[in-house]
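Trainee: Sequence first, predicted model second:
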Amino acid sequence: MALFMAQFTYTPEAWARLAKRPEDRSVGLKATLDQVGGRLLHLYYCFGEYDGVVIFEAPDDVAGAILPLAANVAGHLKAIKTTKLISVEDAMTIMQKVGAVTYKAPTG
């Protein structure tokens, strides 16, 4: 399964609704990921540029794109940024193979 990280920021209206009526947002995340064969690994809230981080697995990149897009369509997010994560093992394989590849920089 592919691993993803989605960073999100709620709208002020979403924060107001959550402050009045706190809700475990992992329940909805799990349900959405179940629909595409994925799995929620972690949901964290944080300080900084983003309000939270979701780490999840999905069977492929298409399924991995569904959660952030579905969350964005719901209208309660101000921003969302999704990153596909690469394991150390895969990164090592990539680094090993890079040595056999050449790339010509632009001329001029």
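Mentor: Cool, the structure landed.
Trainee: Could I get the contacting residues of residue 50?
Mentor: Taking C-beta atoms under 8 Å, 6 or more residues apart in numbering as the criterion, residue 50 is in contact with 7-9, 79, 81. Any C-beta I mention is one placed from the backbone N, CA and C, and that applies to glycine too.
Trainee: Buried ones only from these, please, as a PyMOL command.
Mentor: This is the PyMOL syntax for the buried subset of the contacts of residue 50, where burial follows 16 or more other C-beta atoms under 10 Å:
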select buried, resi 7+8+9
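Trainee: With pLDDT as added columns, please give the contacts of residue 50 in a markdown table.
Mentor: Formatted as a markdown table, these follow (pLDDT from 0 to 100):
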| residue | pLDDT |
| --- | --- |
| 7 | 97 |
| 8 | 97 |
| 9 | 97 |
| 79 | 96 |
| 81 | 96 |
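Trainee: Pull out the buried positions in the stretch of helix or strand residue 15 belongs to.
Mentor: According to DSSP states H and E, residue 15 maps onto helix 12-20. The neighbour-count check on helix 12-20 (16+ other C-beta under 10 Å) flags residue 14 as buried.
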